[in-house]
Structure formats: structure tokens, C-alpha cells
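In: got a sequence here, can you model it:
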Amino acid sequence: MELVLPISKCSTLSKRVVARSFKITNSGLGHCSVGHRAVVGLRDRWMEFQGIKNWEGLLDPLDDDLRKEILRYGEFVEAAYRCFDFDMSSPTYATCLYPKSSMLTDSGLDKTGYKVIKNLYATCVVQMPRWTKKTFPNLASPRSSWIGYVAVCDDEKEITRLGRRDVVIAYRGTATSSEWLENFRATLTCLPDDMTTFDENYDQPMVQSGLLNLYTTNTQCDQSLQDTIREEISKILDKYNDEPLSITITGHSLGAALATLTACDITTKFSNAPIVSVVSFGGPRVGNKSFRCLLEKNGTNILRIVNSDDPITKVPGFVIDDDIDDMAESHVASTGMPSWLQKFMEDTQWVYAEVGKELRLSSKGDIATCHDLKTYLDLVNNYENDTSLA
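Out: Now for the predicted structure:
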């Protein structure tokens with residue numbers, strides 16, 4: 001199978017990414033006769049579905065096998081919601097309701113072929129004021145909350161069907177008051193040095209400050225989400241280094257943003273990482289243009305499922321036409337925005353950039369449910385290629 005890797009205008013792919021991709025390409029996946037195509041289509045084309053060619057030719061019209069994969073990963077996100085204890089009066093509020101050994105089954109996912117190997121927790125920097133605990137006790141929330149899980153495909157039949165061993169990292173969306181407060185910290189902040197690579201041709205990669213807090217904050221009792229992810233990925237790469245492997249990170253809303261940040265961290269930290277892909281649903285913006293360039297340089301594949309009627313996908317900040325390299329042209333192209341206003345927004349760290357490949361759908365103005373994960377999955381399931389793609 002010959003794969004042509006897309007080259008971004010931000011940067012050329014690093015040698016590490018090219019070598020990593022071709023190592024997987026030559027892993028010995030077989031080809032079957034025409035009569036078996038319905039069975040082995042995914043096995044033969046899994047790298048395409050993971051975005052190795054930026055989903056070229058798969059979105060318009062939407063490939064049926066890709067549709068099934070998007071829905072399958074969406075079910076892992078649904079499981080993350082079902083596992084979370086939303087009951088504020090419960091002593092186990094903001095934790096996982098089920099043990100790892102039966103988590104997927106207990107949440108309604110039977111026979112996935114995946115095994116949960118790690119619970120994931122995110123810690124907030126911002127907390128509700130102390131006086132609210134007495135006045136509004138239902139608003140109180142712990143600093144650290146269960147936010148998702150890591151699962152590894154360990155069923156041989158499913159591995160054969162998929163064409164590789166797949167690792168899933170699934171994140172739920174915002175659930176606690178502290179997480180909502182972090183969401184409102186929407187100005188951009190620089191990525192720490194260990195999450196980026198220096199490139200003198202571009203500005204410092206920046207991401208939403210509240211999101212970065214959730215990913216990197218730890219306490220004396222709680223490990224940061226970042227440290228947990230890095231430890232688990234290191235173990236996984238050591239254990240399965242001699243077989244085809246993929247890492248798929250999926251999430252909804254806040255979880256979609258965390259999925260993008262997690263993918264960036266993995267591809268930056270691990271030079272031997274396999275194909276790393278993101279399938280996100282209804283995610284807000286994450287970072288600036290330099291952050292996008294970092295993702296593309298690292299070979300991170302991101303498929304964003306967007307409902308055009310969902311306001312969450314249009315925040316935070318502003319997006320200026322950052323595909324235009326010339327600064328003067330950029331000022332003109334910014335929908336008539338005066339240059340002084342654009343500079344002011346950039347200086348106040350409010351200019352974001354969209355990342356990845358977008359599959360744009362529409363719920364036809366249903367504002368009440370436009371952001372629900374169920375709405376997104378229904379839209380994908382019923383998508384008939386009559387809406388615009390970006």
C-alpha cells in the first residue's frame with residue numbers, strides 16, 4: 001500500500017514522523033480477495049481512517065467504514081459519561097461508578113474487544129469560593145475529578161479486524177463547577193518547554209490557559225493528567241513495540257479539547273509514537289497558529305466533528321484568516337477588521353486558530369440539543385453528504 005503523506009504549509013513533516021509512519025506501513029498487513037473486501041476493508045485501510053492522508057476522499061461523500069469508526073469512537077466517549085457519578089449528593093460524586101475490570105460492560109458497551117487499563121483524573125487550579133460551600137453546597141466540587149480512561153484492544157479477533165492493536169483515550173465533557181471555571185479562563189498561555197519543540201520561524205505555541213491547567217496541574221495527593229498519560233503511553237509503547245499500533249484520542253466538548261492537547265503532548269514527548277489520531281465531537285478552540293503548526297509538524301491527525309449550529313465550536317476567542325502568511329494581507333482578509341483591533345486582540349492573547357480536518361454537520365437550528373453528544377452521533381449516523389465540508 002503506497003501512502004502519500006500530506007505536507008503542511010506551516011512546516012514539513014519531521015523525519016521522525018515519516019520514519020514512524022513507514023515503519024507501520026511495512027508491518028506486513030495482508031491483502032485479501034475481492035470476496036472478502038466487506039470483511040477486511042477496515043484492516044486494509046485503517047491508516048487512511050486514522051488520518052494518515054488527512055482523510056482525503058473520505059469525507060465528501062462520507063465513507064461508510066469511516067462513519068462506523070467515528071460512531072465507534074463516539075461510543076467510547078458515551079461510556080465516559082455513563083461512568084461518571086453526576087450525583088452531587090453522593091459521597092462518590094465526580095468519581096467513576098464502575099471498576100476498571102467491568103467498566104465498559106457496565107456502561108453499556110458489550111464486546112468491544114478493549115480492556116480499560118487506567119482511570120484518568122484532571123485537577124483544577126480554580127475552585128469555587130469558600131463561602132459558596134455553605135450558601136450553595138451543590139456547587140461545591142473536588143479539585144480532582146474522574147475525566148476518562150485509557151483502554152487497549154486485547155481481543156485477537158478485534159485486532160485482526162482492525163488491522164492493528166488500537167489504544168483509546170476517551171474523555172467526557174465539562175461536569176463540575178470547577179471545570180466550568182477553568183473553561184472561562186480563555187486567554188492563551190504558552191505551552192511549557194517539555195510540550196513543544198523550538199522553531200525560530202514561528203511564535204511560541206499557545207493554548208487556552210484553563211485547559212492547560214486541567215492537563216498539567218497536580219497536588220500532593222493527585223498526579224496530573226499529563227503525568228498519568230505519559231506513564232501509560234510509555235508502558236504501552238514498551239509492551240507493544242513489535243506490532244502495528246495506533247493511539248486514538250476521542251472526546252466531547254471539554255474532552256475534545258483535552259484530546260487535542262493530549263495528542264500534542266504524546267507526539268512531542270515520544271519520538272517512537274505510532275500513528276496518533278484525534279476524533280473529537282463539539283470541541284472548542286484550543287490554541288493559536290503556532291500550536292496548529294506544532295501539531296502538523298509532529299504528524300498529529302485530527303478529525304473534528306462540528307455541528308454548525310453549536311456555539312461551543314465557535315469559542316473561545318477569535319479566528320483571523322491565519323492561512324495568509326503576509327501580515328498586510330492578513331489584516332485585509334480579517335473580514336474588514338481594522339489592523340489596530342487585530343493587533344489588540346493578538347496582544348491580549350485572544351486570537352485562536354482552527355486545527356485539523358473538519359467534518360461539518362448541521363442540526364438545523366435545534367439550539368436546545370445542538371451540543372449534546374447524542375446529537376452529534378445521530379448527525380454522523382444520518383449524514384447524507386448534503387452539508388458543507390471544510
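In: for Val70, list the residues it contacts.
Out: You called it Val, but residue 70 is Ile. Ile70 makes contact with 279, 303, 305, 359, 380, according to CB atoms under 8 Å, 6 or more residues apart in numbering. In this view, the C-beta of every residue, glycine as well, is placed from N, C-alpha and C.
In: one more time with 6 Å
Out: Val380 (CB atoms under 6 Å, 6 or more residues apart in numbering).
In: what about it, which helix or strand?
Out: helix 64-83 (DSSP states H and E).
In: report the buried residues of that helix.
Out: 65-67, 69-70, 72-83 (16 or more other CB atoms under 10 Å).
In: part of a strand, is Leu359?
Out: Yes: according to DSSP: H, G, I helix; E, B strand; the rest coil, Leu359 belongs to a strand.
In: that one pairs with what?
Out: Assessed by DSSP bridges, Leu359 has beta-bridge partners Ile305.
In: neighbours of it, just the number please.
Out: Look at Leu359: counted by other CB atoms under 10 Å, it has 24 neighbours.
In: pLDDT weak spots in the protein?
Out: Within the chain, the ranges that satisfy pLDDT under 70 run 1-40, 127-140, 198, 201, 321-338, 340-348, 385-390.
In: let's see it at 80
Out: For the chain, the stretches flagged by pLDDT under 80 are 1-40, 126-141, 198-202, 318, 320-350, 365-366, 385-390.
In: which parts of it are helices?
Out: Remark: helices assigned in the chain by DSSP state H are 15-25, 37-49, 64-83, 103-106, 131-135, 156-162, 177-183, 209-216, 225-239, 254-269, 289-297, 327-333, 339-347, 373-382.
In: report the angle between the helix holding Ile70 and helix 373-382.
Out: For helix 64-83 against helix 373-382, the angle by axes from the mean of the first three to the mean of the last three CA atoms, to 10 degrees is 160 degrees.
In: the nearest residue to Leu258 once chain neighbours are set aside pairs with what?
Out: Using CB to CB, 6 or more residues apart in numbering and skipping the chain neighbours, the partner closest in space to Leu258 is Tyr171 (4.8 Å). Beta-bridge pairing for Tyr171 (DSSP bridges): Gly148, Gly251.
In: residues near Tyr171, how many?
Out: Tyr171 has 26 neighbours, counted by other CB under 10 Å.
In: now do the one 4 residues further on
Out: Counted with other CB under 10 Å, residues neighbouring Ala175 total 21.
In: quick check: Val207 vs Arg43, distance?
Out: 36 Å (CB to CB, to the nearest Å).
In: might you report the residue contacts of Trp55?
Out: Contacts of Trp55 by CB under 6 Å, 6+ apart are Lys357.
In: cool, Ile159 as well?
Out: Contacts of Ile159 by CB under 6 Å, 6+ apart are 153, 165.
In: and Ser363, by the same measure?
Out: Contact analysis of Ser363 by CB under 6 Å, 6+ apart lists 307, 309, 370, 375.
In: of the residues you listed - the most surrounded one?
Out: In terms of neighbour count, Asn307 stands highest of those at 24 neighbours, by other CB under 10 Å.
In: re earlier: the helices of the chain: which one's closest to Ser246?
Out: Proximity to Ser246 (CB to CB) singles out helix 37-49 among the helices of the chain, at 7.1 Å.
In: show me what Tyr352 bridges to in the sheet.
Out: Beta bridges link Tyr352 to Val319 when assigned by DSSP bridges.
In: ok, it touching Ile320?
Out: No: proximity of Tyr352 to Ile320 does not meet the contact threshold set by CB atoms under 6 Å, at 8.9 Å.
In: these two: which has the busier surroundings?
Out: Tyr352 (27 against 20).
In: just to revisit the earlier point, columns distance to Leu294 on top of the contacts of Ser363, output as a markdown table?
Out: What follows is the contacts of Ser363, written out as a markdown table (distance: CB to CB, whole Å):
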| residue | distance to Leu294 |
| --- | --- |
| Asn307 | 27 |
| Asp309 | 30 |
| Cys370 | 30 |
| Thr375 | 31 |
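In: now for those residues: which two are most distant?
Out: Greatest spatial distance in these: Asp309 and Thr375, 9.2 Å, computed using CB to CB.
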